[in-house]
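Peer 1: everything below, folded, please.
(chains A and B)
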Amino acid sequence: METTPENMNLTSSDSGLSGPNGSGVDPSAPMLLSLRDITKSFGAVQALQHVDLDIPAGQVTALIGDNGAGKSTLIKTISGIWAPSSGTMYWQGKEVHVHTPRDASHLGIATVYQDLALCDNLDIVQNMYLGREDTKAGLLDEISMEITTKQTLADLSVSTVKSVRQVVGSLSGGQRQAVAVARAVMRESKLVILDEPTAALGVSQTAQVLELIRTLSSKGIAVLVISHNLNDVFSVADRIAVMYLGTLVSHGPIANYDRNSAVEMITTGRSDRVSAAASSN
Amino acid sequence: MSTETNTEVRTTPSNANVLRLMMTRFRRGDSGMIPIVVGLIALGAYFQIRSSVFLSVGNLSNLMVQATIFVLLGIAEVWLLLLGEIDLSAGFNAGLAGGISVILTDTQFHWAWYFAVGLSLVVTTFFGALWGFLVIGLRLPSFIVTLAGQLGLEGLVLWIIDSQGTGGAISIHGGFLYDIVYADLSTTFTWIFVVGTVLALAVTLIRRNANRAARGLESVPMALLALRIAGLSIAGGLLIWIFNSNRGKFTPIKGMPYAVLLVGAVLGICTFILNKTKPGRYIYAIGGNAEAARRAGVAVNRYRLMAFMMTGLISGIAGLVYASNLNGANDSINGGTLVLYAVASAVIGGTSLFGGRGKMVHALIGGFVIATIYNGMALIQLGAPQQYIATALVLLAAVTIDSVARRGSTLVR
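Peer 2: Just a heads-up that it's a prediction; the model follows:
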């Protein structure tokens, strides 16, 4: 996994974040991804209004909000499903234009949608390499793909999978999520976006996925995770971003929030309890 | 969740576990072709008891030639079944190839056989591509497009054959088309071909296993490997016995018919493409989850079109064998029944009708089952009604096993 020096500086998930200053981000380091004044409208409907969001490297940012708040629109904009109507995206400090999913993946943004986009009839190795198979003399190089797959899963501490030659249809929900995430990571992603990764999972499966998210961030990979489950958010996120009716009403280190204020922000768009630093960060 | 990393290399399951491994696979529904082979042996035993001729080399080699057509058409269908599509026109597309090549070589045209065969295969591939364009471009269901294709091609076959003014049948006067079925490899070359193929497959299996073991990957237990190689050797030995014994009644006939060689070549090439190349991998992926394949950057429509064209091409090859076996082109070819036998062959062998699961070799084994029923029932003097009903029951049984196995299986569908 590639980790640039400045990413390393930001990998401070175990130090400053929960501390009293609550900042957690070195203000001098450039953000991995910054959105400025992003607006997206579909005809008369303004799905996103003037969104400013910063995603630092190596941290887990939870994107929360009620149904229809614009979370999905925002991640689809970031991952190039559609271009924003106006506004600017900065990737590692440089302005970028992401118009297609391919643009996004060239930057190092990988998105794992809720449906995971796995082929149930293919095994784990085949799914991990789908569309970018290793070849030797024009033929599929199964051995090299299998070795890398095993290594990638081991790097992510995914130890529950019996064989990488199992078809994906035989895996549990958490394992499937792990395969989808591992596939994203294997493509040298710097930012992994997860859309409701724990939505359909039981308790132990959810724990596995949360562990996986922690592993990603400890490797210097930024994670943007949409979740409806505040338990998950508070157990895994370093930062929170709250959306309400198409606007990003608040974002900042998780220390600035508690469960009540988060719920208040989700349902009403504001909260008196959020510490002052939160919305300004 | 445990955070310990499991990086240790999984060791090869010991030989004692092979049986258990096979049982698990059986319950998961990927028992391979063992049940079908057992069924085939049972069928063979039954027919042998009812008619002592069944297991004679003469009849078995006849059965093999009958099977070639089902197997080839079955291979043609597997290409599309893997995508969850179907080509109902394959039977008449085959008839078209036979018709075109016989007309061009054996009527007033007197074309060289390679031009005639080449053109007929181009035409059948073109029709495959045409169905593909309609299915992909206009998003029509392949079932309907190729049903229309079946009717249209039947008309075309009738038209070109009847327009020769020979009363609906044109016979072959020797040459390449005749030789496909009625000329044989010498016994020496039969030996060389069979032993060479078995050796090549065995060496490939062993080398792949050794390579995997050398790189620290799970490998097949030696006992299972030995079983597979033994199976291959037995099949090879049977082929040599059947074809190298004299099967002629008056003049000695020995050696493997070219048609069998042709089936082997088509089967080998198609299996190779599916297992070893990117297009093959993508066909499985598209059959499993087309949207996932598309998002992974696979040019889905290109590979779907390729599959339609492969079906057209191989249907054409089957048509050449059919014409050769019939020793001519005939306007009474029943392409509708042929294509159903072809689909039945693939499904009986274990290919799913719903896409994503199947192998080329399924067409081989299923084609044998169909040919055995066809041949055996004729021998014990049951007519067409019983043959149809028996085939129907076998097909129904195969589909039932397929879908029941899938319910408790590793595949979610």
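Peer 1: count of residues packed around residue B:235?
Peer 2: Residues near residue B:235, counting by other Cβ atoms under 10 Å in any protein chain shown, number 14. Where C-beta positions appear, they are placed from N, C-alpha and C, glycine not excepted.
Peer 1: same question for residue A:133.
Peer 2: Residue crowding around residue A:133 was assessed by other Cβ under 10 Å; the count is 19.
Peer 1: what segments of chain A are helices?
Peer 2: With DSSP state H applied, chain A shows helices at A:5-10, A:71-78, A:101-107, A:124-128, A:142-155, A:173-186, A:203-218, A:230-236, A:259-268, A:277-280, listed in chain order.
Peer 1: mean neighbour count for those helices - can I get that in TSV?
Peer 2: Putting these into TSV (neighbours: other Cβ atoms under 10 Å in any protein chain shown) gives the following:
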stretch	mean neighbour count
helix A:5-10	15
helix A:71-78	22
helix A:101-107	17
helix A:124-128	26
helix A:142-155	19
helix A:173-186	24
helix A:203-218	20
helix A:230-236	18
helix A:259-268	16
helix A:277-280	16
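Peer 1: so which of those comes closest to residue B:194?
Peer 2: Ranking the helices of chain A by proximity to residue B:194 (Cβ to Cβ) places helix A:142-155 first, at 28.0 Å.
Peer 1: so is the closest one next to chain B?
Peer 2: Yes. Applying Cβ under 8 Å from any Cβ of the partner chain, one finds helix A:142-155 touching chain B at A:143, A:146, A:147, A:150, A:154.
Peer 1: worst mean pLDDT among the helices of chain A?
Peer 2: If the helices of chain A are sorted by mean pLDDT, helix A:5-10 sits at the bottom with a mean of 39.
Peer 1: and the two most separated of the residues of helix A:142-155 next to chain B?
Peer 2: Spanning the widest gap among the residues of helix A:142-155 next to chain B are A:143 and A:154, at 16.6 Å by Cβ to Cβ.
Peer 1: let's have the helices of chain A in CSV, adding distance to residue B:328.
Peer 2: As requested, these are arranged in CSV below (distance: least, Cβ to Cβ, whole Å):
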stretch, distance to residue B:328
helix A:5-10, 74
helix A:71-78, 62
helix A:101-107, 55
helix A:124-128, 46
helix A:142-155, 47
helix A:173-186, 55
helix A:203-218, 65
helix A:230-236, 73
helix A:259-268, 78
helix A:277-280, 86
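Peer 1: of all the ones you listed, which lies closest to residue B:156?
Peer 2: Between residue B:156 and the helices of chain A, the shortest gap by Cβ to Cβ is with helix A:124-128, which sits at 40.4 Å.
Peer 1: show me what the closest one is packed against.
Peer 2: Using 3 or more Cβ pairs under 8 Å, 6 or more residues apart in numbering or on different chains; DSSP states H and E as the contact criterion, the elements in contact with helix A:124-128 are helix A:142-155, helix A:173-186, helix B:278-295.
Peer 1: residues in contact with that helix: which ones?
Peer 2: Counting by Cβ atoms under 8 Å, 6 or more residues apart in numbering or on different chains, helix A:124-128 makes contact with A:118-119, A:142, A:145-146, A:148-149, A:152-153, A:161, A:164-166, A:168, A:171, A:179, A:182-183, A:186, B:281, B:284-285, all of which sit outside it.
Peer 1: how about 7 Å then?
Peer 2: Contact with helix A:124-128 is made by A:118-119, A:145-146, A:149, A:161, A:164-166, A:168, A:179, A:182-183, A:186, B:281, as judged by Cβ atoms under 7 Å, 6 or more residues apart in numbering or on different chains.
Peer 1: residue contacts, the closest residue to residue B:327 other than its chain neighbours?
Peer 2: Residue nearest to residue B:327 in three dimensions, not counting chain neighbours: residue B:172, with 5.3 Å by Cβ to Cβ, 6 or more residues apart in numbering or on different chains. Contacts here follow Cβ under 7 Å, 6+ apart; on that basis residue B:172 touches B:102, B:106, B:178, B:327, B:328.
Peer 1: most surrounded residue in these?
Peer 2: Neighbours here are counted as other Cβ under 10 Å. On that basis the top member of the contacts of residue B:172 is residue B:102, with 30 neighbours.
Peer 1: neighbours around the closest residue to that residue other than its chain neighbours, how many?
Peer 2: Residue nearest to residue B:102 in three dimensions, not counting chain neighbours: residue B:329, with 4.0 Å by Cβ to Cβ, 6+ apart. Here the number of neighbours of residue B:329 (other Cβ under 10 Å) works out to 31.
Peer 1: residue B:329 pairs with what?
Peer 2: Counting by DSSP bridges, residue B:329 forms beta bridges with residue B:170.
Peer 1: for it, what are its contacts?
Peer 2: Neighbouring residues of residue B:329 by Cβ under 7 Å, 6+ apart: B:98, B:99, B:102, B:103, B:161, B:170, B:323.
Peer 1: ok so, going back, so which of the helices of chain A gets nearest residue B:293?
Peer 2: Set against residue B:293 and scored by Cβ to Cβ, those come closest in helix A:124-128, at 10.3 Å.
Peer 1: looking at it, residue B:185 is touching residue B:254, isn't it?
Peer 2: No. Taking Cβ atoms under 7 Å as the definition, residue B:185 is not a contact partner of residue B:254, at 9.4 Å.
Peer 1: looking at these two, which one has more neighbours?
Peer 2: Counting neighbours by other Cβ under 10 Å for residue B:185 and for residue B:254 shows that residue B:185 has the greater number, 20 against 17.
Peer 1: rebuild the contacts of residue B:329 as a markdown table, extending it with distance to residue B:401, pLDDT and secondary structure.
Peer 2: Compiled in a markdown table, the contacts of residue B:329 are given as follows (distance: Cβ to Cβ, whole Å; pLDDT from 0 to 100; DSSP: H, G, I helix; E, B strand; the rest coil):
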| residue | distance to residue B:401 | pLDDT | secondary structure |
| --- | --- | --- | --- |
| B:98 | 34 | 95 | helix |
| B:99 | 37 | 95 | helix |
| B:102 | 40 | 95 | helix |
| B:103 | 43 | 94 | helix |
| B:161 | 40 | 93 | helix |
| B:170 | 42 | 91 | strand |
| B:323 | 35 | 95 | helix |
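Peer 1: closest one of the residues you listed to residue B:246?
Peer 2: Ranked by distance to residue B:246 (Cβ to Cβ), the contacts of residue B:329 are led by residue B:323 at 26.9 Å.
Peer 1: so who does the closest one touch?
Peer 2: Counting by Cβ under 7 Å, 6+ apart, residue B:323 makes contact with B:98, B:101, B:102, B:177, B:329.
Peer 1: at 10 Å instead, please
Peer 2: B:94-95, B:97-102, B:106, B:120, B:170, B:172, B:177-178, B:180-181, B:329-330, B:333 (Cβ atoms under 10 Å, 6 or more residues apart in numbering or on different chains).
Peer 1: stretch B:54-61: how far from the chain's middle?
Peer 2: Relative to its chain's centre, stretch B:54-61 lies at 21 Å (Cα atoms, centre = their mean, to the nearest Å).
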